[in-house]
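**Student:** quick one, what's the 3D model for this:
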Amino acid sequence: MTKRNIENSKLTVKCPIYLVVATVLALLVVVNWDIFQKEQHLANGKVVRLTLAPVDPRSLMQGDYMVLNYAIAADISKLMQSNNAAGFIKVSLDNNQVASLVAVDDKPASNTSIDNNELIKIQYRLRNNRIKFASNAFFFEEGQAERFEWAKYGEFRVNEQGELLLDALLDRDFNKL
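**Tutor:** The predicted model follows:
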């Protein structure tokens with residue numbers, strides 16, 4: 001095989017620069033739109049606080065994050081009527097915005113609105129026989145573990161679709177940690 005044949009047999013892909021630029025711009029638009037939506041969710045979502053439940057202390061602190069478990073998850077498990085992978089709960093809030101379970105709607109297709117304005121719809125997922133919400137872990141800066149050991153509540157923002165975003169961890173007096 002001659003040198004010329006070897007050079008000709010190499011597979012080369014030439015992509016016009018405008019296609020590369022358009023792809024990068026499209027990617028940036030999608031990422032920034034998602035960031036914008038999350039920021040709007042945090043800014044405009046209704047505050048809901050979920051009481052944290054104890055977790056296995058061996059898995060409480062692993063590196064730079066803390067595993068989160070919620071007291072309301074046990075209540076949901078008791079009321080579930082099916083093994084659907086997702087559903088909604090309806091909660092009421094006390095004066096401190098702490099959620100209490102009112103009902104479980106474990107039929108994901110029934111995404112119905114709530115008639116009672118005082119109830120809030122929250123989406124949950126069932127994974128490995130555990131109830132999961134938006135976040136089951138809280139990441140923090142290295143060396144900050146002791147600060148977050150005092151967490152008693154997770155403060156979330158919930159949107160109209162029932163999606164939660166974790167905003168902060170709170171101590172027993174509802175102070176942000």
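**Student:** list the contacts for the residue nearest the centre of the chain?
**Tutor:** In the chain, the residue lying closest to the centroid (C-alpha atoms, centre = their mean) is Ala134, at 2.4 Å. Contact analysis of Ala134 by C-beta atoms under 8 Å, 6 or more residues apart in numbering lists 156, 163-166. Any C-beta I mention is one placed from the backbone N, CA and C, and that applies to glycine too.
**Student:** rerun that using 6 Å as the cut-off
**Tutor:** By C-beta atoms under 6 Å, 6 or more residues apart in numbering, the residues touching Ala134 are 164-166.
**Student:** out of those residues, which sit inside strands?
**Tutor:** 164-166 (DSSP state E).
**Student:** now the buried members of the contacts of Ala134.
**Tutor:** Neighbour-count burial (16 or more other C-beta atoms under 10 Å) applied to the contacts of Ala134 gives 164-166.
**Student:** Met66: which of these is nearest?
**Tutor:** Leu166 (11.4 Å; C-beta to C-beta).
**Student:** for the protein, which spans come out with low pLDDT?
**Tutor:** 1-13, 54-63, 81-84, 106-117 (pLDDT under 70).
**Student:** can we see that at 80?
**Tutor:** 1-15, 54-65, 78-85, 106-118, 127-129, 135, 137, 140-145 (pLDDT under 80).
**Student:** now do the strands in it.
**Tutor:** 46-51, 61-62, 65-67, 86-93, 99-105, 120-127, 130-132, 137-139, 153-158, 164-170.
**Student:** which of these sits most buried?
**Tutor:** Ranked by mean neighbour count, those are led by strand 153-158 with a mean of 22 (mean count of other C-beta atoms under 10 Å).
**Student:** and that strand with strand 86-93, angle?
**Tutor:** Calculated by axes from the mean of the first three to the mean of the last three C-alpha atoms, to 10 degrees, strand 153-158 forms an angle of 110 degrees with strand 86-93.
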